[in-house]
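Okay, here's the prediction I keep looking at, along with the sequence it came from:
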Amino acid sequence: MTKINAGRMTHHHEGELVVFHIGMQINRWWRPDLWLPAFFAMPRMLRELSRDEDSGFLGYELLFGRGGPYVVQYWSSVPKLYAYASAPAQEHRPAWTAFNKAARKAPGAVGVWHETFLVERAESIYVATREMGLAKATALADAGRRGDRAQARFEQGRTIAG
């Protein structure tokens, strides 16, 4: 069973932080031949990134939205994120090529999207939860008395050095 942290916790991180959302929207569920390969490609990429300490990949949370699965990823820098995306010898590039080829067979059957955020400052609170999100990707820390309110944690700016 997953360990639950009973206290009031927050995250701690020094340095640049990039939050990257990437997802897939399945528009034609009856065409798994078009969306299933992309669906199975993401776990391979996440495993590859999780094993490479120099990639800049800090961690992720896998979620399911209205249109399909998506992943919130945490990175140490924008250049490292883009370096991975364009590296021909790693999992992303061939998966992207295969997706584009499949998407041309039936335009609109499946969509992909991403959003990239360079974070100057971040606030978090985790009460009676498993280690997750930003705290899992960076470091879990006791919120303490000074961190009683979201605004105070945000204003302290101690989570992301700027």
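Perfect, thanks for sending it.

Would you agree G65 is in contact with G23?
Yes - using CB atoms under 8 Å, G65 makes contact with G23 at a distance of 6.4 Å. All C-beta atoms are positioned from the backbone trio N, CA, C, and that covers glycine.

in this protein, which spans are strands?
5-12, 17-26, 57-64, 69-75, 110-119, 126-129, 139-142 (DSSP state E).

And G65 and G23? Which one has more around it.
For G65 versus G23, neighbours defined as other CB atoms under 10 Å are more numerous around G23 (19 against 11).

For the more buried one, list the residues it contacts.
Neighbouring residues of G23 by CB atoms under 8 Å, 6 or more residues apart in numbering: 65, 67-71, 112-114.

Whichever of these end up buried, select them in ChimeraX.
Selecting the buried subset of these in ChimeraX, with 16 or more other CB atoms under 10 Å as the burial test, is done by:
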select :68,69,70,71,112
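
which one among the contacts of G23 gets closest to R8?
Comparing those against R8 with CB to CB places V71 closest, at 26.9 Å.

so where's this structure uncertain?
1, 145-148, 150, 152-162 (pLDDT under 70).

show me the contacts for the spatially most central residue of it.
The residue lying closest to the centre of the chain (CA atoms, centre = their mean) is Q73, at 1.4 Å. Contacts for Q73 were tallied using CB under 8 Å, 6+ apart; they are 19-22, 57-60, 81.
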